[in-house]
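>>> can you look at this prediction? I've put the sequence above it.
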Amino acid sequence: MRAIDRLLRWLEWPINLLLWGGLFAGFMMMMHVTVDVTGRTVFNRPFAGTTEIVAGWYMVAVAFLPWAFISRTDGHITVDMFMRLASPRFLAKLEIVIKLLTILWVSVFSYQTFIRALQQTRAGEVWEAAGGFILIWPSRWMLPISGGLMVLYLILRVISDIGHHARGRPTAGRVEEV
Amino acid sequence: MSALTVSLTTLVAILVLIGLRVPIGVAIGGVAFIGFWLLRNLDVALSVLRDTPFVFAASWDLTAIPMFLLMGSIANNSGISTSLFRAARAWFGGLPGGLAVATNMACAGFAAACGSSVAAAAAMARLAIPEMLKNGYDKGLASGVVASAGTLAALIPPSILFVLYGIFAEVSIVKLLIAGILPGLLTAAVYTIMILIRCRLDPSLAPLIKFENKEELRHERWASLGEVWPLIALILGIIGGLYGGVVTPTEAGAGGAFLAAVIGFAQRRLTLSLFLASLKDSMVTTATLFFIGVGAVMYTKLLALAGISQMFTDMIGSWAINPLLLVIATSIVYLILGMFLDPLGIILITIPIFVPMFAALNLDLVWLGVLVVKYVEIGLLTPPVGFNVYVVKNVVGDSIPLETIFRGCFWFLGCEVIIMTLLIAFPQISLWLPNTMN
C-alpha cells in the first residue's frame, strides 16, 4: 500500500504540470484576444488566425488539461441528495463503484480520442486561417494525455481506497491545493 | 425504439445515476454512449465518442466561458465587491431595510462583472451578512437577500448559463446576453420593493440606520463612487460593445478580464498570487464544465438521432397544444428539477428535450432561454438542495441555521412568482432589447 501512496504522490507532478498548462492557455487566451481586439478596433490591423489558435489550441487546453487535477480534488459536480441517509460503510463502497464507473468512461474516452489523435497526426491536420495554415494535430493529443492521466490517478486511488477501507482507516480523501 | 421511449428512458437513467452520486458528466455521457450502442451499434457509439469531444471544445463560441469566469474571478479577488457594497451602503443605507437594499444593488452591480451566481453569493455573503447582523437585521432577511440577489449574476451579462444555452440551443449568444439585462433589472427592482415594504411594515426586521453627520455621508457617497467608476465604465463598455456588435462575447470577456486585472493592479488590490488564484479558479471550473459538456453534446446528438424534433412536431400538430400550457408545464418540470440538481446539470439535461419542443411551436428561443435561466436560478433557492443557500450557510457557519436561510428566501421566491408571471405574460420584457439590435 505504501508503494501505491508513493505513486500517487509522484503523480502530483504530471497532474500539476497539466494544470499549469491549462492556466497558461487561459492566460494566453486572454492576452491574444485582447491584443487582437485592440489591433482590430484601434489600429484596424487584426491578428491573422486568432479565432483558429484560440479555439483549436487554448480552448482545448483549458477544457481538458485540468481533468486529472479535478479528480485529485474530487471536484466533479455531483448531487449529494439521496445518499445522505446512507451509512458511511455503504457510502465508502459506493464511492469505489462510482470511481470504477468514472474509470470506465474516461478510459473509453481516452482510447477513442487517442485513435483519432493518431489518425489526425498521420494526416497532418491543419486548419486554414487568413494568413495560411494553423497546425492542429498536436492539440488533439491533449485529450488522451489528460484522460489517461486521470484514469491512472483514479486506478491508484481506488486501490489505495480499497486498501485503507480493508484496514479500517480513512481513505486518502480530498486534497485541496496544489 | 420510439423517440419518446428513448427520451424518457435516458432521462430517468441519468437522474437515477446522478441520485446515486455518479458525477453528472459520467452519468450523462455514459447513458448517451449506451443509447447510441442500443439505437445503432457499438461502432457508432465509439465513433461519436472519438469525434465529439475535440470538435465540441475547439469552438470559438465556447471560449466566452473561461473568459467570463476569469473576469468574474479577478473582479472578486481584487475586492470590487467590497467597493460596490461600500458605495451601495452609502447611497441606500438610509432607506428602510437599507443594508438589504444595498446588498441587492451591490449584487446587481457585481453581476455585471461576474457570470456565476454561486460566486456572487459567496462574495457578497462575506461582506454584507456580518454588516447586517451587526446592525440588528433579521437573520432570515440578511441571509435570504444575499442568496437571492446572488442569482442576478446569471441574468445580467456576462452569464455562463446564457453562453451554454446559446450553444446547445443554437441561438445567438449576444442576443441572449442582451435579453437578460431587463429581466435582471426587473428582478432587482421587485426584490428592492419587497424589502422596502416589508421593512416599512415591520421595522424590527431591519432597524433604521441613522447617519449623524450628513456632510460626512455626502462625502462618503462621492468618495465611494471614485472606487467603483472604473468597474462601471468597464461594464458599460462590455454591454455597449456587445449591443453594438463591436465585440463578440469572447472578446468582451477577454478584454473585460484584462481590464479588470489592470484596474486591480493599478488600485493595488490585485497581487500576482491573487491573479494566479483567479486564473486557476476559472480554468478549473471551465474544465469541470467541459467534463459534463462532452456527455451533454453526445446526449443531444442521441436525442436528435432518436428523432425527438420530429416527435414534438407531430405531437404538437396532432394535439394542438396551447403554448401557454406548455410553458407552464415546462416551468413545473424546472421547479422540480431545481430542487435537486445543479444549474449546469439542469440546463444540459433539459435543453436537448425542451428546445425542439419550443421550436416546434415556433416560440422564441431567446425568450425560452431567459425563462430557463430564471427557473434554474430559482432552483438555487429552493429546498432541499438550494446551492446558493448552501453557499451562504458555508460562509455564515453556525451563526444562522439552514432553515432560517431557506425561510428568508421564501419572501424572494414570492417575488419570483410575480417576476415569472410578468416574464411569461410579457415576452417583450426579454425580447425588446435584443430586437432593437442590428
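Structure received.

>>> the helix or strand residue B:16 falls within close to chain A?
Residue B:16 belongs to helix B:3-19 when assigned by DSSP states H and E. Yes. Residues of helix B:3-19 contacting chain A under Cβ under 8 Å from any Cβ of the partner chain: B:18-19. C-beta: built from backbone N, CA, C; applies to glycine.

>>> for stretch B:338-353, same thing?
Yes. Judged by Cβ under 8 Å from any Cβ, stretch B:338-353 and chain A are in contact via B:340-342, B:344-345.

>>> now the helix holding residue B:16: average pLDDT?
Averaged over helix B:3-19, pLDDT sits at 85.

>>> try stretch B:78-88
Stretch B:78-88 shows an average pLDDT of 87 in the prediction.

>>> could you list the low-pLDDT ranges of chain A?
A:77-84, A:168-178 (pLDDT under 70).

>>> make CSV out of the residues of stretch B:338-353 next to chain A and add secondary structure and neighbour count.
Output for the residues of stretch B:338-353 next to chain A, formatted as CSV (DSSP: H, G, I helix; E, B strand; the rest coil; neighbours: other Cβ atoms under 10 Å in any protein chain shown):
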residue, secondary structure, neighbour count
B:340, coil, 18
B:341, coil, 25
B:342, coil, 22
B:344, helix, 20
B:345, helix, 24
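
>>> so in chain A, which helix runs the longest?
Ranked by residue count, the top helix of chain A under DSSP state H comes out as helix A:2-41.

>>> and for chain B?
In chain B, assigned by DSSP H, the helix with the most residues is helix B:272-306.

>>> tell me if that one is near chain A.
Yes. Contact of helix B:272-306 with chain A (Cβ under 8 Å from any Cβ) involves B:276, B:279-280, B:282-284, B:286-288, B:290-294.

>>> before we move on, back to that, mind listing what's buried in the longest helix of chain A?
Of the residues in helix A:2-41, A:4, A:8, A:11, A:15, A:18-30, A:32-34, A:36-38, A:40 count as buried by neighbour count, 16 or more other Cβ atoms under 10 Å in any protein chain shown.

>>> tell me which residue is most central in chain B.
residue B:154 (2.4 Å; Cα atoms, centre = their mean).

>>> show me where pLDDT drops low in chain B?
B:1, B:309, B:313, B:315-321, B:438.

>>> and residue B:56, how many neighbours?
19 (other Cβ atoms under 10 Å in any protein chain shown).

>>> nearest residue to it other than its sequence neighbours?
What sits nearest to residue B:56 in space, not counting adjacent residues and going by Cβ to Cβ, 6 or more residues apart in numbering or on different chains, is residue B:297, at 4.7 Å.

>>> repeat that for residue A:123.
residue A:137 (7.4 Å).

>>> now do residue B:345
What sits nearest to residue B:345 in space, not counting adjacent residues and going by Cβ to Cβ, 6+ apart, is residue B:24, at 4.6 Å.

>>> that older thread, between the longest helix of chain B and helix B:3-19, what angle do the directions make?
Inter-element angle recorded for helix B:272-306 and helix B:3-19: 150 degrees (by axes from the mean of the first three to the mean of the last three Cα atoms, to 10 degrees).

>>> tell me which residues in helix B:272-306 are buried?
Along helix B:272-306, these residues count as buried under the neighbour rule (16+ other Cβ under 10 Å): B:274-275, B:278-303, B:305-306.

>>> quick revisit: what packs against the longest helix of chain A?
Helix A:2-41 is packed against helix A:50-53, helix A:59-64, helix A:67-72, helix A:142-166, helix B:64-77, helix B:249-266, helix B:272-306, with contacts defined by 3 or more Cβ pairs under 8 Å, 6 or more residues apart in numbering or on different chains; DSSP states H and E.

>>> can you list the residues that contact the shortest one?
Applying Cβ atoms under 8 Å, 6 or more residues apart in numbering or on different chains, the external contacts of helix A:50-53 come out as A:32-33, A:36, A:127, A:129, A:134, A:136, B:60.

>>> right, I'll call it a day here.
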